[in-house]
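S.K.: next input, structure requested:
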Amino acid sequence: MQKGVLRFRCEAAGASLAGIMTMVTATGGSQGAKRDKEIRFMFAVLRLIPQFLLPVVLLCASALGQQPAAYVETFDHGPGGWISNRRDPLPIFDGAAYLFGPWYLDSHHAPPGAGYLNMLMYLYTKGAKHNESLGGPNGFIRGNYSTDLRNVTVSLRLRGEIDLQGAQMVVLVQSTTPKTTANFVLTGQPIRISKEWAEQSVKLVPDPKQWTCLGARESKKSQYGCDDIETVLKDVNLDFMFVLFPLNVVPVKPVAEPHKLRAGQDYPDEPSYEVWQKYLPKGLIMVDSVQFQYPR
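M.R.: Residues are numbered from 1 along each chain as shown. A predicted model of the protein is given here:
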């Protein structure tokens with residue numbers, strides 16, 4: 001049975017049963033009967049319930065009651081802890097997040113890592129790094145949702161007009177493991193961006209064929225690396241992102257060793273160079289809601 005149909009029947013059955021029980025309580029109380037008479041009266045009324053009602057109520061108790069609560073962010077009351085680009089407030093208009101290009105160019109994973117990416121929006125999954133002055137109250141952390149994201153279905157309602165320049169919108173998970181800090185992108189399930197509102201879903205399966213480990217640039221090998229995707233998904237203890245990957249980074253002027261420098265940004269003690277924006281994604285993405293549905 002589909003979840004929406006099941007939930008509708010549960011709500012209808014619950015409302016019907018609640019109405020009957022209210023009638024029983026009111027009638028029994030108005031008669032001033034003794035407790036044993038009230039009980040007999042209650043069971044007499046319950047026998048009037050249609051035969052389908054009690055089985056549905058019991059099904060609701062077993063099926064819906066066993067499902068962990070889903071994390072849902074609708075952006076109706078602000079960013080909910082989500083952050084734009086690297087450290088920018090997430091623009092919210094009329095209950096939707098607006099992701100404007102050009103986006104932050106992340107070069108932490110430049111070759112010999114898997115490549116460059118644009119950070120669209122991200123959410124810290126534990127409290128150590130989250131700054132509420134930037135992203136606002138974090139519903140995921142405050143709700144104490146599990147960071148075990150194995151087989152979680154991530155759904156988002158979005159639309160946009162964007163020139164991807166060969167990139168794809170994908171999920172990124174980041175976790176500190178006993179071995180390293182690992183970043184993986186779900187390249188096996190890219191998220192489609194259409195001009196009309198549509199819901200897109202991906203499933204965070206611990207299948208190595210679905211994921212690409214980003215690794216690290218030369219100067220970040222001591223900080224970033226790879227681990228087993230099962231280990232990473234079991235405890236996504238840093239953050240969860242939506243990114244654009246891979247990018248075609250082209251220097252404006254000739255650079256002898258572009259991957260050893262910082263593309264398009266200034267870092268202390270790491271020289272940078274200007275890149276052509278015309279080869280990078282540009283446009284607008286609007287996100288109306290994000291949901292994590294945990295497996296039963």
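
S.K.: so S175 touches D235, yeah?
M.R.: Yes - using CB atoms under 8 Å, S175 is in contact with D235, at 6.0 Å. C-beta: built from backbone N, CA, C; applies to glycine.

S.K.: just the C-alphas of the helix or strand harbouring S175, formatted as PDB.
M.R.: If you go by DSSP states H and E, S175 is part of strand 168-176. Only the C-alpha atoms of strand 168-176 are listed here, as PDB (Å, rounded to 0.1, in the frame of the first residue of the first chain):
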ATOM      1  CA  GLN A 168      25.300  17.700 -12.800                       C
ATOM      2  CA  MET A 169      23.500  18.500  -9.600                       C
ATOM      3  CA  VAL A 170      24.300  15.700  -7.100                       C
ATOM      4  CA  VAL A 171      24.300  14.900  -3.400                       C
ATOM      5  CA  LEU A 172      27.600  15.200  -1.500                       C
ATOM      6  CA  VAL A 173      28.100  13.600   2.000                       C
ATOM      7  CA  GLN A 174      31.100  14.500   4.200                       C
ATOM      8  CA  SER A 175      32.100  12.500   7.300                       C
ATOM      9  CA  THR A 176      35.100  12.100   9.500                       C
END
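
S.K.: touching that strand from outside, list them.
M.R.: Residues outside strand 168-176 that contact it (CB atoms under 8 Å, 6 or more residues apart in numbering): 117, 120, 122, 149, 154, 181-187, 189-193, 202, 204, 214, 227, 231-233, 235-245, 285.

S.K.: if you set the cut-off to 7 Å instead, what comes out?
M.R.: 149, 154, 181-187, 190-191, 193, 202, 232-233, 235-245 (CB atoms under 7 Å, 6 or more residues apart in numbering).

S.K.: so where do the strands sit in the stretch 1-150 of the chain?
M.R.: 71-73, 83-84, 88-89, 92-93, 96-100, 104-106, 117-124 (DSSP state E, counting those that start in this stretch).

S.K.: in TSV: the ones you listed, plus distance to W197 and mean pLDDT.
M.R.: Output for the strands of the stretch 1-150 of the chain, formatted as TSV (distance: least, CB to CB, whole Å; pLDDT from 0 to 100):
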stretch	distance to W197	mean pLDDT
strand 71-73	16	98
strand 83-84	20	96
strand 88-89	24	92
strand 92-93	15	96
strand 96-100	9	97
strand 104-106	26	93
strand 117-124	17	97
